[in-house]
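Trainee: build me a model:
(3 chains, ligands or ions: 7)
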Amino acid sequence: MAAVKYIPREKLPEWLKALAAQSRVLVPVEEGGSVVFRQYDPARAPVFGSDATAPPKGAVFPACQELFSYAYGKEGEDNAPTLKLDPKTEAQPTVVFGSKPCGARGFLIFDRVYMGKKFPDPYYIAAREATVFVTMACATVENTCFCHWVGSGPADAAGSDVLLTPVEGGYTVEAVSEKGAKFLDNPALTDGAAKAAEAEAVKKASRDALGEAPDIASSPAALLSLFDDMEFWRDQSDKCVSCGACTYLCPTCYCFSITDEGTGTAGRRMRSWDACMHFQFTLEASGHNPRPTKAHRLKNRVGHKFSYYPTLHDGLIACCGCGRCVKSCPVSVDIREIVQNAVAKAKG
Amino acid sequence: MTDPFNPYLPEVATILETVQETHNIKTFRVRFDDEAKMKAFTFEPGQVGQLSAPGIGESTFVINSPPTRMDYLQFSVMRAGEVTAKLHTLTAGDKVGVRAPLGNSFPVADMKGKDIVFVGGGIGMAPLRTLFLYMLDNRADFGKIRLLYGARSPQDMAFSAELPEWTGRSDIETTLTIDREAEGWQHKVGLIPNVLLEMAPAADNCVAITCGPPIMIKFTLEALKKLGFADEQIVTTLEKRMKCGIGICGRCNIGTSYVCVDGPVYTYAQLKQLPNEL
Amino acid sequence: MSRLDALKTRIKEALPGLECVIGWQKGYDALHNTPLFIRGEADVDKLEWGALNVHNPAVYLPSFAGKKVGVVVKGCDSRSVVELLQEKLIDRDNVVIFSAGCDGVVDIAKVRAKLAAAGLNAGNAEKVAVDGKTVTVTAAGKAVSMPMAEVAADKCLRCQFPNAVLADAFVGDPAPQVQAAPAADADLAALDAMSVPERMAFWRYHMDRCIRCYACRNACPMCVCRDHCIAQSREPHWLSQEDSVTEKLMFQVVHAMHLAGRCTECGECQRACPMDIPVLALKKHLNRTIHDLFDYQAGVDVAAIPPLLQFKLEEDNIKERSW
Ligand SMILES: Cc1cc2nc3c(=O)[nH]c(=O)nc-3n(C[C@H](O)[C@H](O)[C@H](O)COP(=O)(O)OP(=O)(O)OC[C@H]3O[C@@H](n4cnc5c(N)ncnc54)[C@H](O)[C@@H]3O)c2cc1C
Ligand code: SF4
Ligand code: SF4
Ligand code: SF4
Ligand code: SF4
Ligand code: SF4
Ligand code: FES
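Mentor: Ligands and ions are numbered 1, 2, ... in the order given. Presented below is the predicted three-dimensional model:
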């Protein structure tokens, strides 16, 4: 791997401006009390300390995206009907700058689904390939963080292209991928060898602050064994109000709906975020709903993340432990607690 | 350079012909406008397609014409909601979008040399029709073929234009039934599972393929078990709300099984392995 | 006996006849309590009463239709229960209301801001102590004291009903009224002071970060459609799934309209919003209009019919024929 580089804090804008000259650069900024990813604006100081309220999910998977436009028409002497479909899969070159490791790592969970062999998703792939993640390792952790439960950690570079680590006066900068290495070519970055040990100490300290992770290796089997235990799921879901906060803010939740919008003879087909916590997600035209209550739906959310997905994808848990679902839930439904309850209950 | 395959982009197709099967089922025969694509198109019996009315949306329907008859792709659509209501307004010459083939198919190879019993109820006859016609077109490959098709009333029976041929053929045995007596009805009267018990097909070296409304499936499964069919000898298709049809949008799973790619065809034995969430 | 102990005693007595009793318990960290569903005697001891009981448990009542449940309420929550009764969305015989005097709850967003000002992260909260007029939060080893008046929920600063307006078991001493007359609404005053374009810019700025999660809708005890909301339905097809401020704001306006004269200003919509969008102001604005027109306040009288749920040939304050 390339040598460690260093950038003093006051030189960050210089680097960001250089990046912004070539791509869309998204940084976390404060907006009305929340922290969200927005296009870099030198007048707005990025917030690198705490984790963003909303992860940079939209950079690759927008809340709503056009799949294609359509236009009906008429043609020829006999006015034969025509239908033209026009897809747009191109994506804008983008740098996501200053996400936490968990926010970037979420796309590793997407990749398995959107970059499968049978039906690779051209929209996702275009955006994924056009996006570079310059990630900020965590110097501090929060009460809701549990990335260490799911095979990750506060300095996990998986899914990122460049890793920054906060040190005294600035940040060390390490290229993680080849794609990332190209981004370090900037005069604001100097040799960071002298800072490398300090960066390693920061990484270790935040990892240590998380403490021991409980053993949840049996969660796939445990959750499956509780599938028919609706009393268990009632107890876990009692306080849930069935909104979409936990899934829309989750860096790994990848579900969507497809809807058409048009006026007259033209319009577009779009895909937009959707989630298994919504009643309408599985509602069939007949009125039948295989997941009629919030207990059924929460069971699917936890089951998908900690059982079905890992069973299908080599044990990879579909959660990066960012804790957003816990922190942003209006009633503090805690997925950690549910997984642990399931593991304990299955043990009997 | 050609664009990478876009699984969300339908093929534009033209409706060649429609058949009003019942008051709420309409059949569409469509062909892709791109002749090269139509000629290259292949699928297996049981596979489905997403039929689009751009501007309204798209919905999943089984391709109910067999791969042995490729003049057109046939879909029979029961009016249920927004998209199906729009489709029902379309006629010959109108354009639709088609994304196909999607999903798995009937295990035809495993059925070769065996006796076959089809048990279809209502619109559930659509997926059976594909396989049924496919078998008729490859008649020598299969043993005895029996079809039991039921609907609420004679007016609710789809594919009525084909029924005389099906009931008239001597190399198959077709039984039609309706729930309650109706004037002029020449065939059986009675609920499908009861008629099936009367028919009493021998389970030995036989595969039963059943499709229909949930309540009918439930009692048909019971009847088949009574007749001695093992779980592996019973094949059915599942229905789930779908959007993408390609295993990505995340809504059609039963545990680890995504009905849009791993289904819709399952044996009863496979169904029993899945979590209970139908 | 403390209010909490007295509540526990009354709940224990009533529990055998109830499906469950809804209250609060400690949550995932010191700063968060979370709703509690008491189904057995052992759960009763988890009950909490105090400044961290920010949620409105009335939101759960309609989902228990046909079953008899208990609910522990603060004064403001009791108004939601009353409004639900007014609209016959729940049945008086099927709800047992437990309550005690309320000294106010904190607004976690304000606590978060206070901690941030002290260079601390609310995500590191270790301990919370509330005594009389001060809240002391310890985070990352440092204690920060904040006057309750500065971190209390806005609604508490103007609270007219610190004691439940309706209760089957009201325990302990009533809480004193904060103020004789409600103080001015700071958020409405700020919006009133803006020009119309400024106000539109304000909403555009805030709604832009809305993620359309509808926590605001689902946390609202008076929102009755929920699973069948126009936000997602295609029939009627009033909103699209487009990620635009227009769609997002349109939903908020529809929500506010549906709550005009029904909203008790419990503030759950805004509290629940994970993106800190000040959506309560829209409802407050409509409530003010309702109050001016009909001299009506939602959720204080079980027998009253909300003004927009009835029809009068001639309203007292709407002079249709005299202009
Ligand atoms: C594998 C499979 C094969 C099917 N084959 C046929 C068939 O051959 N003939 C037939 O008439 N019907 C079939 N259906 C059912 C048909 O897909 C639904 O009736 C149809 O989608 C309803 O669409 P709608 O827009 O009219 O209803 P709405 O209630 O307006 O539905 C809105 C959207 O939800 C989705 N949706 C709702 N219900 C279902 C459902 N049951 N299955 C899948 N998606 C749904 C669709 O995306 C639809 O566009 C099949 C379903 C599946 C899953
Ligand atoms: S955020 Fe909380 S209340 Fe909302 S759906 Fe998720 S778990 Fe339920
Ligand atoms: S499930 Fe929760 S903790 Fe896990 S990645 Fe999603 S939001 Fe983060
Ligand atoms: S938890 Fe639900 S919304 Fe999230 S990815 Fe899984 S199925 Fe989709
Ligand atoms: S508004 Fe009144 S009753 Fe409600 S929490 Fe505040 S002080 Fe208590
Ligand atoms: S809770 Fe907030 S983010 Fe969610 S829909 Fe409501 S206003 Fe938007
Ligand atoms: S329909 Fe999208 S995953 Fe099956």
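Trainee: CA only for contacts and neighbour counts going forward, please
Mentor: Will do.
Trainee: quick one: the strands in chain A?
Mentor: Ranges of strands within chain A are A:5-8, A:24-31, A:34-39, A:64-75, A:80-87, A:94-99, A:131-136, A:162-167, A:170-175, A:190-191, A:256-263, A:266-273, based on DSSP state E.
Trainee: pull up the distance across stretch A:241-248, start to finish.
Mentor: 15 Å (CA to CA, to the nearest Å).
Trainee: give the buried residues for the top helix by length along chain A.
Mentor: Counting residues, the longest helix in chain A under DSSP state H turns out to be helix A:193-210. Within helix A:193-210, the residues scored as buried using 16 or more other CA atoms under 10 Å in any protein chain shown are A:195-196, A:198-199, A:202-203, A:205-207, A:210.
Trainee: stretch C:177-196 too?
Mentor: For stretch C:177-196, the neighbour count (16+ other CA under 10 Å) marks C:177-178, C:191 as buried.
Trainee: for residue A:43, state which of those residues is nearest.
Mentor: residue C:191 (25.7 Å; CA to CA).
Trainee: chain center to the longest strand along chain B: distance?
Mentor: The longest strand of chain B (DSSP E) is strand B:11-20. In terms of CA atoms, centre = their mean, to the nearest Å, the centre of strand B:11-20 is set 18 Å apart from its chain centre.
Trainee: repeat that for stretch C:74-90.
Mentor: How far stretch C:74-90 lies from its chain's middle: 11 Å, per CA atoms, centre = their mean.
Trainee: for the record, mean pLDDT for that stretch?
Mentor: Averaging pLDDT along stretch C:74-90 yields 97.
Trainee: is it anywhere near ligand 5?
Mentor: Yes - among the residues of stretch C:74-90, C:74-76 lie within reach of ligand 5 under CA under 6 Å from any ligand atom.
Trainee: next, the buried residues of that stretch.
Mentor: Within stretch C:74-90, the residues that count as buried by 16+ other CA under 10 Å are C:74-87, C:89-90.
Trainee: now, the residues you listed that are in helices?
Mentor: Per DSSP H, helices hold the following members of these: C:75-86.
Trainee: can I get these in CSV including distance to ligand 1?
Mentor: As requested, those are exported to CSV (distance: CA to the nearest ligand atom, whole Å):
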residue, distance to ligand 1
C:75, 42
C:76, 39
C:77, 37
C:78, 38
C:79, 37
C:80, 34
C:81, 34
C:82, 36
C:83, 33
C:84, 31
C:85, 33
C:86, 34
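Trainee: now the one residue sitting closest to the centre of chain C, nearest residue through space, not along the chain?
Mentor: What sits nearest the mean C-alpha location of chain C, by CA atoms, centre = their mean, is residue C:266, with 2.6 Å. In space, and not counting its chain neighbours, residue C:266 is closest to residue C:76: 6.0 Å by CA to CA, 6 or more residues apart in numbering or on different chains.
Trainee: rewinding a little: now, which of the buried residues of stretch C:177-196 sits nearest ligand 5?
Mentor: Using CA to the nearest ligand atom, residue C:178 comes nearest to ligand 5 of the buried residues of stretch C:177-196, at 7.7 Å.
Trainee: shouldn't the closest one be within a helix?
Mentor: No - using DSSP: H, G, I helix; E, B strand; the rest coil, the assignment for residue C:178 is coil, not a helix.
Trainee: mind listing what it touches?
Mentor: Shown in contact with residue C:178 (CA atoms under 8 Å, 6 or more residues apart in numbering or on different chains): C:156-160, C:162.
Trainee: quick one: it from residue C:298, how far?
Mentor: 20 Å.
Trainee: same deal with residue A:280?
Mentor: 31 Å.
Trainee: so between those two, which is more surrounded?
Mentor: Ranked by neighbour count (other CA atoms under 10 Å in any protein chain shown), residue A:280 and residue C:298 place residue C:298 first, with 25 against 19.
Trainee: what stretches of the chain score poorly on pLDDT?
Mentor: Went with chain A since none was named. Low-confidence segments of chain A (pLDDT under 70): A:1-2.
Trainee: right idea, wrong chain: chain B
Mentor: Confidence mapping of chain B against pLDDT under 70 gives the ranges B:1-3.
Trainee: got a pLDDT number for the residue nearest to the centre of chain C?
Mentor: Predicted confidence (pLDDT) for residue C:266: 96.
Trainee: contact partners for it?
Mentor: C:56, C:76-77, C:80, C:155.
Trainee: how about the helices in chain B?
Mentor: B:35-40, B:82-88, B:108-111, B:125-137, B:163-168, B:192-199, B:214-226, B:259-262, B:268-273.
Trainee: er, the stretch 101-250 of chain A I mean
Mentor: A:101-114, A:122-129, A:178-181, A:193-210, A:219-225, A:230-237, A:245-248 (DSSP state H, counting those that start in this stretch).
Trainee: which of the ones you listed sits most buried?
Mentor: helix A:245-248 (a mean of 26; mean count of other CA atoms under 10 Å in any protein chain shown).
Trainee: does any part of that helix sit near ligand 6?
Mentor: No - contact of helix A:245-248 with ligand 6 is not found when judged by CA under 6 Å from any ligand atom; the minimum separation is 6.6 Å.
Trainee: and that helix, how far out from the chain's middle?
Mentor: Distance of helix A:245-248 from the chain centroid (CA atoms, centre = their mean) equals 11 Å.
Trainee: still on that earlier bit, for the residue nearest to the centre of chain C, what are phi and psi?
Mentor: The phi/psi pair for residue C:266 (degrees, to the nearest 10) reads phi -70, psi -20.
Trainee: give the buried residues for stretch B:109-121.
Mentor: Using 16+ other CA under 10 Å as the test for burial, stretch B:109-121 gives B:111-112, B:114-121.
Trainee: ok, stretch B:92-111 next?
Mentor: For stretch B:92-111, by 16+ other CA under 10 Å, it's B:93-106, B:111.
Trainee: kindly report the same for stretch B:12-32.
Mentor: Judged by neighbour count (16+ other CA under 10 Å), stretch B:12-32 contains these buried residues: B:12-16, B:18-19, B:21-22, B:24-32.
Trainee: quick one on the thing from earlier: so can I have CSV of the helices of the stretch 101-250 of chain A showing distance to ligand 1?
Mentor: Formatted as CSV, these follow (distance: least, CA to the nearest ligand atom, whole Å):
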stretch, distance to ligand 1
helix A:101-114, 20
helix A:122-129, 20
helix A:178-181, 38
helix A:193-210, 43
helix A:219-225, 24
helix A:230-237, 24
helix A:245-248, 20
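Trainee: how about the ones you listed, which one is nearest residue C:1?
Mentor: Across those, closest to residue C:1 is helix A:230-237 (CA to CA), at 30.5 Å.
Trainee: perfect, that will be all.
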